[in-house]
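J.: Build the 3D model from these lines:
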Amino acid sequence: MLWEEGTEINSFSSIFDVHSSLETVWAFYTNIRHLEKITPPYMLLRVLDTSDEVIKEGSEAWLTGKIIFRNKWHSKITFFKPFRYVDEMITSENEKPIFSHWKHEHIFEGDEIQTRVIDNIQFELPLGVIGRIFRQYAKAKLRNLFNYRAAATKRLLEQERYI
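T.: Model prediction:
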């Protein structure tokens, strides 16, 4: 992983395989608009603005959505090379993010037939001890989100094989 270990940092990982080429999956995930296609509708996720439609190192995105309550999210791609990138949340006084720290590593491994999608997330909840109490709740919400993302990715990209 690309980050230093911290005592209050929580981690979450998701791994799934999609029957689609590595190049197709990479092209899909590096287009910022993929987020609106693979996020559950109840989260009301929208890309408000982006510095680049196709992400690259340094790309920034401003999003809005509902995790527990509606909030804004500003992220930046801090590492990028073929088949791997990292996005990090940028906090600001105006956005009041639900996480006090968020770092998401995306890894893609595969060939012309199948791709493994690996997500490693490092996060920290605000409010110290109170935030730590909600750690398992946050992980359950992430598990639901990433299960949905896996199913949506498979539905969207595996169908393309047969078109």
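J.: List the buried residues of stretch 26-36.
T.: With burial defined by 16 or more other C-beta atoms under 10 Å, the residues of stretch 26-36 counted as buried are 26, 28-30, 32, 34-35. Every C-beta, even on glycine, is put in place using the N, C-alpha and C of the backbone.
J.: Quick check: the farthest pair among those?
T.: Trp26 and Leu35 (15.2 Å; C-beta to C-beta).
J.: Take the buried residues of stretch 26-36 and lay them out in JSON lines including distance to His106 and pLDDT.
T.: Written out in JSON lines, the entries for the buried residues of stretch 26-36 read as follows (distance: C-beta to C-beta, whole Å; pLDDT from 0 to 100):
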{"residue": "Trp26", "distance to His106": "10", "pLDDT": "98"}
{"residue": "Phe28", "distance to His106": "11", "pLDDT": "98"}
{"residue": "Tyr29", "distance to His106": "6", "pLDDT": "98"}
{"residue": "Thr30", "distance to His106": "9", "pLDDT": "98"}
{"residue": "Ile32", "distance to His106": "13", "pLDDT": "97"}
{"residue": "His34", "distance to His106": "11", "pLDDT": "97"}
{"residue": "Leu35", "distance to His106": "12", "pLDDT": "96"}
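J.: Mind checking which of these land in helices?
T.: Assignment to helices by DSSP state H places the following of the buried residues of stretch 26-36 there: 26, 28-29, 34-35.
J.: what number of residues lie near Glu124?
T.: Glu124 is surrounded by 17 other residues when neighbours are defined as other C-beta atoms under 10 Å.
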